[in-house]
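Trainee: Sharing a sequence plus its predicted fold:
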Amino acid sequence: MSSTACETPVDPMRSALMRRVRQKGTQAEDDVADVLRELGLRFRRNVRTLPGSPDFANKTHHWAIFVNGCFWHRHQGCRRTTTPTRNREFWLAKFAANVKRDGVKARLLRTMGFRVVTIWECETRDLGKVRKRLKPIVDSR
Ligand SMILES: [Zn+2]
């Protein structure tokens, strides 16, 4: 995916479906992985032994990171967070379920003593912003 994908008014349903087909290893995740390495943070990817299978986690240092697609996970105030006009009720229910699930898994991780950081796909266009968002994890070392 090109870095300008956020700005292009593509059909959100189509692009979201295409994104979903690729279960892991999206460009956004690769970008975050680069920043984590640069910051010297050790991690595992797609940690299925933790609630919600965080995209990145370190069980020893108790942190987990989710890299969320803005459309599916409803990034508030983001231009990618559109709602298809067809089958609107279906989509709204689906999105509500996604957001609820995200909240549940983050809360579970926090009760397990994990620091949880969510990075939105659109934020990965600015890696300086990603570095800032990772500060709580860096500072906890
Ligand atoms: Zn966004």
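Mentor: Nice, I can see it. Numbers count the residues shown, from 1 in each chain.

Trainee: where does the chain dip in pLDDT?
Mentor: Applying pLDDT under 70 to the chain flags residues 1-25.

Trainee: Show me what from this protein comes close to the ion.
Mentor: Cys70, His75, Cys78, Trp120, Cys122 (CB under 5 Å from the ion). Any C-beta I mention is one placed from the backbone N, CA and C, and that applies to glycine too.

Trainee: Confirm that the third one lies within a helix, as I assumed.
Mentor: No: using DSSP: H, G, I helix; E, B strand; the rest coil, the secondary structure at Cys78 is coil, not a helix.

Trainee: Could you report the neighbour count for the nearest residue to Val99 once chain neighbours are set aside?
Mentor: With CB to CB, 6 or more residues apart in numbering as the criterion, Val99 has its nearest non-adjacent residue at 5.3 Å, and that residue is Arg74. By other CB atoms under 10 Å, the residues close to Arg74 number 17.

Trainee: Please look at Arg74 and Ala97 and confirm they touch.
Mentor: No: in this structure, Arg74 is not within contact of Ala97 by CB atoms under 8 Å, at 10.8 Å.

Trainee: Turn the residues of the chain next to the ion into JSON lines, columns for neighbour count and secondary structure.
Mentor: Shown next, in JSON lines, are the residues of the chain next to the ion (neighbours: other CB atoms under 10 Å; DSSP: H, G, I helix; E, B strand; the rest coil):
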{"residue": "Cys70", "neighbour count": "22", "secondary structure": "helix"}
{"residue": "His75", "neighbour count": "18", "secondary structure": "coil"}
{"residue": "Cys78", "neighbour count": "16", "secondary structure": "coil"}
{"residue": "Trp120", "neighbour count": "23", "secondary structure": "strand"}
{"residue": "Cys122", "neighbour count": "21", "secondary structure": "helix"}
